[in-house]
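1. Fold the following.
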Amino acid sequence: MTKLSVNINKIATLRNARGGNVPDLLQVAKDIQKFGANGITIHPRPDERHITYQDARDLKHVVHTEYNIEGNPQHNFIDLVLECKPDQVTLVPDAIGAITSNAGWDTIKHQDYLTEVIQEFQRNGIRTSIFVDANENMVEGAKKTGADRIELYTESFAHQYSLGNHSAIEPFIKAAIRANELNLGINAGHDLSLDNIKFFKDNIPNLLEVSIGHALISESLYLGLDNVVNMYLNKLK
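-> The predicted model follows:
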């Protein structure tokens, strides 16, 4: 079975929009695990606009499944990961100020840098994953860095799938086959949702883990609204 790691960035976004501690990020992480998720993912940005560095530290004591921290391996991020020692670190080439991740690593151009960072994390017992586009050359470059896994950047698949273009899965299948040949573990994430996740999973050989945040939280809000609205109505009778 492919594992589900839930990205809780959007919970922190909602909390920060109002101030205070509602919703309670730590309680949400506990509940998500209680509901059966296999892990918790966070992606702190340098401006801490949703997940804060203190959140990352606090979650270390709450996550008992698998803890995955994503981000651009700049100095502060590296220090945070080495302090928290999550089960997995996922390296993502975020540009400063980017709303969300929008590209995988050029693992050939940045091979030396990625290799150095990965070695540091692995020396500390942290599994490493590199965020890559569905490109066999980038998968091969990831292998040369010594990474344990890749995370396939799935936005292009999700967009094309929503338009009815199911052939958009083909480069992902090829990338996955190459990763399997190289003994690289395969994760995936970005815009995967209830609409497309089964098709993606069924077509990617040996998919170990998906990280889903924005869609899962948005779907949860909608699917839960009926219940909560009626709970309020009952209170107001």
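2. From now on I want contacts and neighbour counts done on CA atoms only, so please keep to that.
-> Fine.
3. give me the element the residue positioned nearest the centre of the chain is part of.
-> Compute the mean C-alpha point of the chain, and by CA atoms, centre = their mean the closest residue is Ser211, 4.0 Å away. Ser211 belongs to strand 207-212 when assigned by DSSP states H and E.
4. Okay, helices next: where are they in this protein?
-> Using DSSP state H, the helices of the chain run over 9-18, 25-34, 53-59, 75-84, 111-123, 136-145, 155-162, 170-181, 197-203, 214-235.
5. any chance of those in JSON lines, plus distance to Thr65, mean pLDDT and mean neighbour count?
-> Below are those laid out as JSON lines (distance: least, CA to CA, whole Å; pLDDT from 0 to 100; neighbours: other CA atoms under 10 Å):
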{"stretch": "helix 9-18", "distance to Thr65": "17", "mean pLDDT": "96", "mean neighbour count": "17"}
{"stretch": "helix 25-34", "distance to Thr65": "7", "mean pLDDT": "95", "mean neighbour count": "17"}
{"stretch": "helix 53-59", "distance to Thr65": "11", "mean pLDDT": "98", "mean neighbour count": "17"}
{"stretch": "helix 75-84", "distance to Thr65": "15", "mean pLDDT": "97", "mean neighbour count": "15"}
{"stretch": "helix 111-123", "distance to Thr65": "20", "mean pLDDT": "97", "mean neighbour count": "16"}
{"stretch": "helix 136-145", "distance to Thr65": "26", "mean pLDDT": "98", "mean neighbour count": "21"}
{"stretch": "helix 155-162", "distance to Thr65": "26", "mean pLDDT": "97", "mean neighbour count": "17"}
{"stretch": "helix 170-181", "distance to Thr65": "25", "mean pLDDT": "98", "mean neighbour count": "18"}
{"stretch": "helix 197-203", "distance to Thr65": "21", "mean pLDDT": "96", "mean neighbour count": "15"}
{"stretch": "helix 214-235", "distance to Thr65": "18", "mean pLDDT": "89", "mean neighbour count": "12"}
